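Visitor: Okay, sequence plus prediction incoming.
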Amino acid sequence: MVQVLYREVKIRSYDGEKDRARVEELERGCEIVGPADRVFLFTDTLGDPICRIRNSPSFYMLVAESDNELVGVIQGSIKLVTMARLHGNLGLARVGYILGLRVAPHHRRQGVGSTLVRSLEQWFVSNHVEFAYMATDKENKASIKLFVDSLGYVKFRTPAILVNPVSPYRALHLPSHVEIKKLGTKEAKLLYQKFMSSAEFFPSDIDNILENRLSLGTWVAYYKREAWEDIRYESLSTGLEYWRGPRDWAMVSVWNSAEVFKLRVQGRAPLSCLIYTKSCRLMDRFFPCFKVPAIPDFVDPFGFYFMYGMHCEGKSSALLVRTLCQFVRNMARKSKDCKLVVTEIGARDVARLHIPHWKLLSCPEDLWCIKALNNEEQSSLQEITRSPPTRALFVDPRDV
């Protein structure tokens, strides 16, 4: 158990029985702070504060206490991923992901946040983690100041978070000349290893992700004029896989985040936004021929489907990417709690241009920051952060 004293603040491991209710109270206090005329998203963990890290291979949560009051929390997870090394070589790296840092408003600017991060870094180091990283909104000046200016993290990647609302009233029409096929877990694993194993942050335990109960499946899209052959091994002795796929195809997997946690809108939205939202829903319901995209009703708690592992091959794969996104959106309509389809994709990924999304709800540049936790990796970190990204970025659904 980690215990650190800093200005009368004690950092210790999270205790579910003792801390669950207090953590939820802290989360609510942190989310609703702000002007009364603004809208805020509150994360409802459904009574499980560690729900966002529970599916990771290794995870940990710390809390900060002052005079028996819980004043801060932080979470972290560890996994083995593909990363660029010196001279552009690829290799596996043990990385720690930092998320869920919260500090009570009346205890901010007192070193609580930095102490929590450093304590979590100590746990990472004790578990042989080479790099720690975190993600934040590029406009979150307080978070950037803490991690970059104070704790030595460097800006690493800027993937886009693309959000598409789900209409409960009508399904999207899919092109008749496109075939969509659901893959088995084994075949999906082989395809990912064959085509995405060189992507940054590709997890070594991709099979555990695909086999998780929250992973709803993997689908491929291709033109009906071409045939799809299941990937198979050439021989048991060599272990080499054999596959002759279509010239143009796309694939995606879907993670049911709605079963992990819910989102709730708090605050007061502008009247113009409420009128626009209501009008769009009415148009979408009664006049679907106009194809006016509607923003769902966010009054009640809602969930979302997360698309991960998006990949495409071929010069004519743009339509296939869009068709898969439409297919997932239609699938999400059947879930009463799912009101959004979300994905996060690298800045240089060719599929990014073809994913339907609402700019109003999306984030064009999510900021990832990274730090080497040992001296041996400093040179490697300097090289990969100074050079522009040249590979796709795999966003682990367990980190969402």
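Guide: Right, received. Where do you want to start? Numbers count the residues shown, from 1 in each chain.

Visitor: what residues are up against Ala347?
Guide: Ala347 makes contact with Arg157, Thr158, Pro159, Ala160, Glu365, Pro389, Leu393 under the criterion C-beta atoms under 8 Å, 6 or more residues apart in numbering. In short, each C-beta sits where N, CA and C put it, glycine included.

Visitor: Nearest to Ala132 among those?
Guide: Using C-beta to C-beta, Arg157 comes nearest to Ala132 of those, at 14.5 Å.

Visitor: what bridges to the closest residue in space to that closest one that isn't next to it in sequence?
Guide: Distances taken as C-beta to C-beta, 6 or more residues apart in numbering put Trp368 closest to Arg157, at 4.4 Å, once the chain neighbours are dropped. Beta-bridge partners recorded for Trp368 (DSSP bridges): Ala135, Arg157.

Visitor: Skip the chain neighbours and tell me the closest residue to Met61.
Guide: Leaving aside its sequence neighbours, Met61 sits nearest to Tyr14 (C-beta to C-beta, 6+ apart; 3.7 Å).

Visitor: Repeat that for Ile144.
Guide: Spatial nearest neighbour of Ile144, chain neighbours left out: Thr136 (6.7 Å); criterion: C-beta to C-beta, 6+ apart.

Visitor: That neighbour against Lys145, yeah?
Guide: No: the criterion here is C-beta atoms under 8 Å, and Thr136 misses it with Lys145 at 10.7 Å.

Visitor: which of those two has more neighbours?
Guide: Thr136 (20 against 11; other C-beta atoms under 10 Å).

Visitor: Run through the residues that contact the more buried one.
Guide: Contacts for Thr136 (C-beta under 8 Å, 6+ apart) come out as Ser143, Ile144, Phe147, Asp366, Leu367, Cys369.

Visitor: at 10 Å what do you get?
Guide: 98-99, 101, 142-144, 146-148, 366-369 (C-beta atoms under 10 Å, 6 or more residues apart in numbering).

Visitor: Just the buried residues of these.
Guide: Buried members of the contacts of Thr136, counted by 16 or more other C-beta atoms under 10 Å: Ile98, Leu101, Ser143, Ile144, Leu146, Phe147, Val148, Asp366, Leu367, Trp368, Cys369.

Visitor: Among those residues, which are located in strands?
Guide: Assigned to strands by DSSP state E, the following of these qualify: Ile98, Leu101, Asp366, Leu367, Trp368, Cys369.

Visitor: which two from those end up farthest apart in space?
Guide: Maximum distance among those (C-beta to C-beta): 15.8 Å, for Leu101 and Asp366.

Visitor: returning to that earlier point: for Ile355, see how far away the residue nearest to Ile144 is.
Guide: Computed as C-beta to C-beta, to the nearest Å, the Thr136 to Ile355 distance reads 22 Å.

Visitor: go on, Arg52?
Guide: Counting by C-beta to C-beta - Arg52 and Ile355 are separated by 23 Å.

Visitor: for the host helix or strand of Leu190, packing partners?
Guide: Per DSSP states H and E: Leu190 is located in helix 185-195. The contact analysis (3 or more C-beta pairs under 10 Å, 6 or more residues apart in numbering; DSSP states H and E) places helix 185-195 against strand 178-183, helix 206-211, strand 215-223, strand 232-233, strand 241-242, strand 249-256, strand 303-313.

Visitor: The last one - contacts with which helices or strands?
Guide: Right, strand 303-313. Counting contacts by 3+ C-beta pairs under 10 Å, 6+ apart, strand 303-313 packs against strand 160-165, helix 185-195, helix 206-211, strand 215-223, strand 249-256, strand 262-267, helix 318-333, strand 338-345.

Visitor: quick one, which of the ones you listed is nearest to Ile78?
Guide: Nearest of the helices and strands packed on strand 303-313 to Ile78, taken as C-beta to C-beta: helix 206-211 at 13.4 Å.

Visitor: Can you give the distance of that closest one from its chain's centre?
Guide: Relative to its parent chain, helix 206-211 has a centroid offset of 16 Å by C-alpha atoms, centre = their mean, to the nearest Å.

Visitor: And that helix, what's buried?
Guide: Within helix 206-211, the residues that count as buried by 16+ other C-beta under 10 Å are Ile206, Asn208, Ile209, Leu210.

Visitor: Pull the contacting residues for the residue lying closest to the second one once chain neighbours are set aside.
Guide: Excluding the flanking residues, the one nearest Asn208 by C-beta to C-beta, 6+ apart is Pro57, at 7.3 Å. Applying C-beta under 10 Å, 6+ apart to Pro57 gives the contacts Ser77, Ile78, Lys79, Leu80, Pro203, Ser204, Asp205, Asn208, Arg398.

Visitor: Which phi and psi values does Pro57 adopt?
Guide: Here is the backbone geometry of Pro57 (degrees, to the nearest 10): phi -60, psi -40.

Visitor: thinking again about what came up before, can you put the contacts of Thr136 in a markdown table and add pLDDT?
Guide: Listed next are the contacts of Thr136 as a markdown table, based on pLDDT from 0 to 100:
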| residue | pLDDT |
| --- | --- |
| Ile98 | 98 |
| Leu99 | 96 |
| Leu101 | 96 |
| Ala142 | 92 |
| Ser143 | 94 |
| Ile144 | 96 |
| Leu146 | 97 |
| Phe147 | 97 |
| Val148 | 96 |
| Asp366 | 93 |
| Leu367 | 95 |
| Trp368 | 96 |
| Cys369 | 96 |
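
Visitor: Find the helix or strand that His22 is a member of.
Guide: Rather than His, residue 22 is Arg. helix 16-31.

Visitor: Now that helix: buried residues?
Guide: For helix 16-31, the neighbour count (16+ other C-beta under 10 Å) marks Asp19, Arg20, Arg22, Val23, Glu24, Leu26, Glu27, Cys30, Glu31 as buried.

Visitor: got any ranges where the stretch 201-350 of the chain has weak pLDDT?
Guide: 231-242, 265-299 (pLDDT under 70).

Visitor: let's go with 50 and repeat that
Guide: Low-confidence segments of the stretch 201-350 of the chain, defined by pLDDT under 50: 236-238, 269-276, 278-279, 282-283, 286-287, 289-290, 292.
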